[in-house]
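**Student:** Please work out how this folds:
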Amino acid sequence: MFEAPVSSSWCEIHCDRISRNLELTLKLIPDGVHFCAVMKADAYGHGIGRVVPLLMRQGVSRIGITSNAEARAVRDAGFSGRLIRLRAATPQEMAAATVDRVEEQIGSLWAAKQLRQIIGSGVQMPRVHLALNADGMSRDGLEISTRAGQEDCRDIIDEVGPNVVGICTHFPTNEPAPLRQSSELFKQQVAWICADSDLRRSDLLVHAGSTLTLLSGEPVETDMYRCGAILYGILNPELGFRPTMELKSRVVHLGDYPKGSTVGYDRDSCLDRDLRLACISIGYAAGYSLIAQDRGAVLIRGKRVPVLGKVSMNSIVADVTEIRDVQVGDEAIMFGGNGPEAIGPDTAVTQFGTILPDLFSDWGMRNPRTYR
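**Tutor:** Predicted coordinates:
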């Protein structure tokens, strides 16, 4: 009889929290403005196949992706609405994504010409979003503040104009003053394009703005917000948003070690008194970063305890001296939990030295996922 393998570590996904966070998000979207749910990195590590049905239940009709694999996963989950790629793509990616009706982002004349070649091969031309830099990321948007960029813009519209359904940009910062500046420049550039071409503003989806833009309080002019992080409770708990992922493992060994014992590789940690130590079956291979040395903590039986020594590939060591009833097999929580000692976003960001979207996508794509 087949038995599923027992996981050393896993991510626990709270579907009810995703739904609640989405409900709160939609209430923040201004009237007349569209919402695009960003599903990149397999829905920030949560699993596209499980998240998309939650979006559909609340009427989300626009989803943003980056890769073809994400596009196919969204379609396989039953989504039939608009699917918009949020980065530049190779010609091969664009050609292969036509079957999933992906709307492509074009930010160079070369890309526009490649797209025309796709048409020549008998593939139906996808919808196009003209990507502008607009004092932005200098990543994959067209810079039209220069004469050369303006000429390229005209040529792009000559190449793919009938299929241009949107104009977009990505703001590099959401601090009030620079955000206002970028937003105004984007507005001016869109107006110039419409005045200099046959494109009509009323026919276009002009969009910019992420989760941070939406929460900035700045009145940015956009036809659509593209948000991912907000769905997973990464920000603004005071508004009711709750983290949707927990990272868990188990105690696999308990031992009593005398004062003077060293812990982990290179003897970086030395015990200044007798301690009871627990070995926990998670390490950097599962996304518990090396950087957490000397500042990591885990939650066992509702009590937060420190991690000692260097993080190994598949294990960490925690001081459980103060947890008298700890046992092998006990659940160890690296992120999440309930009660006053729960390990929340601020603690995780501090001990791992990075942002929560990075942690969620890393943990969720490295570990098995269970859904509640």
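
**Student:** for this structure, which strand is longest?
**Tutor:** Ranked by residue count and defined by DSSP state E, the top strand of the chain is strand 245-257.

**Student:** chain center to the one helix or strand Val74 maps to: distance?
**Tutor:** Using DSSP states H and E, Val74 sits within helix 68-76. Centre-to-centre, helix 68-76 and its host chain are 16 Å apart (CA atoms, centre = their mean, to the nearest Å).

**Student:** Report how many residues lie close to the residue nearest to Gly364 when sequence neighbours are not counted.
**Tutor:** Leaving aside its sequence neighbours, Gly364 sits nearest to Gly45 (CB to CB, 6 or more residues apart in numbering; 2.1 Å). Every C-beta, even on glycine, is put in place using the N, C-alpha and C of the backbone. Using other CB atoms under 10 Å, Gly45 has 24 other residues around it.

**Student:** Could you pull up phi and psi at Gly45?
**Tutor:** Main-chain dihedrals, Gly45, degrees, to the nearest 10: phi 80, psi 0.

**Student:** in the lowest-mean-pLDDT helix or strand in the chain, what counts as buried?
**Tutor:** Taking mean pLDDT, DSSP states H and E as the measure, helix 109-120 is the helix or strand of the chain with the lowest mean score, a mean of 91. Residues of helix 109-120 classed as buried: Leu109, Ala111, Ala112, Gln114, Leu115, Ile118 (neighbour count, 16 or more other CB atoms under 10 Å).

**Student:** which among those gets closest to Arg276?
**Tutor:** When those are ranked by distance to Arg276 (CB to CB), Ala111 comes first, at 60.4 Å.

**Student:** just checking, the closest one touches Ala88?
**Tutor:** Yes. Assessed by CB atoms under 8 Å, Ala111 is found in contact with Ala88 at 6.5 Å.

**Student:** Leu254 pairs with what?
**Tutor:** Residues in a beta bridge with Leu254, per DSSP bridges, are Ala278.

**Student:** burial of it, as a residue count?
**Tutor:** Using other CB under 10 Å, Leu254 has 15 other residues around it.

**Student:** Please spell out which residues along the helix holding Val74 are buried.
**Tutor:** Neighbour-count burial for helix 68-76, counted by 16+ other CB under 10 Å, picks out Asn68, Glu70, Ala71, Arg72, Ala73, Val74, Arg75.

**Student:** so the first one touches Ala95, yeah?
**Tutor:** When you say that, I think you mean Asn68. No. Checked against CB under 8 Å, the pair Asn68 and Ala95 is beyond contact range at 10.0 Å.

**Student:** can you map out the helices along the stretch 151-300 of the chain?
**Tutor:** Counting by DSSP state H, counting those that start in this stretch, one finds helices in the stretch 151-300 of the chain at the ranges 176-195, 211-214.

**Student:** Need the winner for burial among these.
**Tutor:** Of all those, helix 211-214 has the most neighbours on average by mean count of other CB atoms under 10 Å, namely a mean of 21.

**Student:** how far out from the middle of the chain is it?
**Tutor:** Put simply, helix 211-214 sits 13 Å off its chain's centre (CA atoms, centre = their mean).

**Student:** which SS state does Ile18 fall under?
**Tutor:** For Ile18, the assignment made with DSSP: H, G, I helix; E, B strand; the rest coil gives helix.

**Student:** In this structure it contacts Arg242, no?
**Tutor:** No. Ile18 lies out of contact with Arg242 (CB under 8 Å); the separation is 9.5 Å.

**Student:** So for those two, which residue has more residues nearby?
**Tutor:** Taking other CB under 10 Å, Ile18 and Arg242 do not tie; Ile18 has more neighbours (23 against 15).

**Student:** my guess is Ala96 meets Ser67, correct?
**Tutor:** No. The pair Ala96 / Ser67 is not scored as a contact, 10.7 Å apart, by CB under 8 Å.

**Student:** sorry, back to before: and the longest strand of the chain, what does it pack against?
**Tutor:** Judged by 3 or more CB pairs under 8 Å, 6 or more residues apart in numbering; DSSP states H and E, strand 245-257 is in contact with strand 9-13, strand 275-280, strand 331-335, helix 356-366.

**Student:** Between those, which one is closest to Ala297.
**Tutor:** strand 331-335 (8.5 Å).

**Student:** Parallel or antiparallel, which strands does the closest one pair with?
**Tutor:** Its sheet considered, strand 331-335 pairs with strand 245-257 (antiparallel), strand 297-300 (antiparallel) by DSSP bridges.

**Student:** Mind listing what's buried along the helix or strand following that strand?
**Tutor:** For strand 331-335, the following helix or strand on the C-terminal side (DSSP H and E) is helix 345-352. Residues of helix 345-352 classed as buried: Pro345, Thr347, Ala348, Gln351, Phe352 (neighbour count, 16+ other CB under 10 Å).
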